[in-house]
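# Here's a sequence, model it:
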Amino acid sequence: MTILIIEDEEPAYRRLQKMLKEIEPNHNLLPQIVSVSSAVKFFKENDEPDLIISDIQLSDGISFEIFKQVDIKCPVIFTTAYDQYAIEAFKVNSIDYLLKPVKKEELEKAVSKFKSLTSAAPGQPAIDINKLLQSLQPAGATEYKKRFVVRYGEHIKTIDIEEVVYFYTEDKATFLCTKDARRFVVDFNLDTLDSILDPKIFFRINRQYIISIHSIAEMFAYSKSRVLIKLNPAAKHETIVSTERSADFKHWLGDEK
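I've put the predicted structure just below:
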């Protein structure tokens, strides 16, 4: 059995090397590969091994990029530092994923599984890259809004989300406020904004305001367990966390959501 290890961390490579000697004494271990670029070069110039063991995070990128650039049909066992719930989602196309630090019994099971598998159908890659890339995101992961296009007079400009400190409604219009206290109308209502903004950064404190964690200057205890917030830049209206949002707001402040 010819095995190729793609791993940029020397201790992790040595650990795999040692365990493989114990699990499969007669295997032929190819020279270590430590990067996406060197792996692509190897596969373009050499025959495939029988089995690949590859870390996901390499020195120059994610190892999935290798399989986008070259058509590889041999089975792959991935090693990863991702949580167990993500690993379960990764198990597609008869590939195993082992959580680091890799345990000997888990590697042995993976190698046994490899030996029991039939070869991939001719012309069909052993790896579905699209599924792997989708699975890399935790369940429910969302792409949040990164910038807004705003208009003022005859001008149009973009504002990166990092420049926004809060959103608010006034006279049936929705505004964003920037760090330098400039205000622009945006084409979203607060309900929509609440669904497209990163909830770790932004929180809807009441019916009128969505604020950034970075906009809070001071906070004061208020009646009925509410919280009075002083924003920076200062808001045009009094900003109080509504009673029904107060408990969630305190969890948000501690990043316990």
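# Now find how far off-centre the host helix or strand of residue 79 is within its chain.
According to DSSP states H and E, residue 79 maps onto strand 76-80. Relative to its chain's centre, strand 76-80 lies at 18 Å (CA atoms, centre = their mean, to the nearest Å).
# Please identify the pairing partners of it and their relative orientation?
Strands that pair with strand 76-80, judged by DSSP bridges, come out as strand 51-55 (parallel), strand 96-99 (parallel).
# helix or strand right after the shortest one?
Read it as strand 96-99. helix 104-116.
# Can you tell me what sits against that next one?
The contact list for helix 104-116 (CB atoms under 8 Å, 6 or more residues apart in numbering) reads 1, 16, 19-20, 22-24, 51, 75, 77, 94, 96, 98-99. Any C-beta I mention is one placed from the backbone N, CA and C, and that applies to glycine too.
# With stretch 240-250 instead?
By CB under 8 Å, 6+ apart, stretch 240-250 touches 203-207, 222, 224-229, 257.
# just stretch 143-157 next, same as before
158-161, 164, 176, 184-186, 193, 196-198.
# try stretch 32-40
Residues contacting stretch 32-40 (CB under 8 Å, 6+ apart): 4-8, 13, 42, 54, 58-63, 65-66, 69-70.
# And the helix or strand where residue 249 lies, how far out from the chain middle?
Taking DSSP H and E as the criterion, residue 249 maps to helix 246-253. Chain-centre distance of helix 246-253: 24 Å, with CA atoms, centre = their mean.
# Let me know the pLDDT of residue 63.
Residue 63 carries a pLDDT value of 83.
# out of the contacts of stretch 32-40, which are buried?
Among these, those classed as buried by neighbour count (16 or more other CB atoms under 10 Å) are 4, 5, 6, 7, 8, 13, 42, 54, 58, 63, 65, 66.
# mind listing the helices in the stretch 151-257 of the chain by residue range?
190-196, 246-253 (DSSP state H, counting those that start in this stretch).
# Show me what counts as buried in the shortest one.
When neighbours are counted by 16+ other CB under 10 Å, the buried residues of helix 190-196 are found to be 190, 193.
# How far off centre is that helix?
21 Å.
# what is the mean pLDDT for that helix?
Helix 190-196 comes out at a mean pLDDT of 86.
# cool, the longest one as well?
Across helix 246-253, the average pLDDT comes to 89.
# and what of stretch 149-166?
So the average pLDDT for stretch 149-166 ends up being 91.
# buried sites along it?
150, 159, 161, 163, 164, 165, 166.
# May I have stretch 39-49 exported as CSV, CA atoms only?
The C-alpha trace of stretch 39-49 is given here as CSV (Å, rounded to 0.1, in the frame of the first residue of the first chain):
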residue,chain,number,x,y,z
ALA,A,39,0.8,18.8,-3.7
VAL,A,40,-0.5,20.0,-7.0
LYS,A,41,3.0,19.8,-8.5
PHE,A,42,3.4,16.2,-7.2
PHE,A,43,0.1,15.0,-8.6
LYS,A,44,0.8,16.5,-12.0
GLU,A,45,4.2,14.7,-12.2
ASN,A,46,3.5,11.4,-10.4
ASP,A,47,1.0,8.5,-10.3
GLU,A,48,-1.5,8.6,-7.5
PRO,A,49,-0.8,6.7,-4.3
